[in-house]
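Student: generate coordinates for the sequence data below:
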Amino acid sequence: MRSRIAGAIMGASCAMICSMLLLSCTVGQTATPVPTLAPRENMADAGSSEARAALPIVASQAEAPTPTASPPPTAVPPTGAPQTPTPDVEPALVRFRAHDAVIGADEPTQIDIVLERLVDFYGVQVLLTFDATRVQIIDADPALPGVQISPSAPFAGSGFVALNRVDNELGTIEFAATLLNPVRPLNGDAVAASFLLIATNPGEVRLDVAEALLASFEAQPIPVVSEALTVDAQP
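Tutor: Have a look, this model is predicted:
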């Protein structure tokens, strides 16, 4: 049931990162071309041209040329064959970092959403899940309706948060943010956002990354993998 809910939520907001990156490249009226996010699936090439075999020339019987010996054939590498191996690109990583392995009821525990191995990074969209029967997320901004988490430095000061929504009944976190021109793309590691957990019932709690989309400044998808985190709720 939860996987169907997560899929529906992510499908409804999959275009969010496109609009964020479009905004990031148009704010300030810069001359940067407006990017568009490529689909997650790699599209097959439309096709490649094939070398056509040369047709033999047929001479008339009256003017038939004297046969001559043909030179030995020369080996030619196949068209389009790679000449040098292409190095593998290590995907970025989305994971959780808990400031305490045990979640209590009296004092909340901070959880960070960490992005690692970033290359030319500019935007993120994630759907995260947790066990709402054992833990709850504390609202980071009571002045706003609903429940939110706390965007971190890359987006809180020089970015735009397009989606920040927690459902403490379903156990989902939706977060999407982008940097803004003229901020340069990020490389290395960063914390996208943080949230505070409190325990309501004892037991093991799994925090999972249901979906993750990362994009470069040119709005190209960045390969990404994720890691879940298990913590212990002890109210």
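Student: packing partners for the helix or strand encompassing Glu116?
Tutor: Per DSSP states H and E, Glu116 falls inside strand 109-129. If you count contacts as 3 or more C-beta pairs under 8 Å, 6 or more residues apart in numbering; DSSP states H and E, strand 109-129 packs onto helix 2-12, helix 16-26, strand 92-98, strand 172-179, strand 186-199, strand 203-216. (Each C-beta comes from the backbone N, C-alpha and C, glycine too.)
Student: ok, Ala190 - contacts?
Tutor: Val114, Leu115, Leu118, Phe121, Ser152, Ala153, Pro154 (C-beta atoms under 8 Å, 6 or more residues apart in numbering).
Student: the closest residue to Asn201 other than its chain neighbours - how many residues pack around it?
Tutor: Closest residue to Asn201 apart from its sequence neighbours, by C-beta to C-beta, 6 or more residues apart in numbering: Arg134 at 4.7 Å. Applying other C-beta atoms under 10 Å, we find 22 other residues in the vicinity of Arg134.
Student: how much space between Arg134 and Glu204?
Tutor: Distance, Arg134 to Glu204, using C-beta to C-beta, to the nearest Å: 8 Å.
Student: shared neighbours of these two, anything?
Tutor: Here Arg134 and Glu204 have Ala233 as joint contacts, going by C-beta under 8 Å, 6+ apart.
Student: that older thread, between the contacts of Ala190, which is closest to Asp208?
Tutor: Val114 (14.4 Å; C-beta to C-beta).
Student: hang on, isn't that closest one packed against Val191?
Tutor: Yes. If you go by C-beta atoms under 8 Å, Val114 and Val191 touch, sitting 5.7 Å apart.
Student: which neighbours do these two share?
Tutor: Common neighbours of Val114 and Val191, counting by C-beta under 8 Å, 6+ apart, are Arg97.
Student: low-scoring stretches of the protein, by residue?
Tutor: For the chain, applying pLDDT under 70 flags the ranges 1-87.
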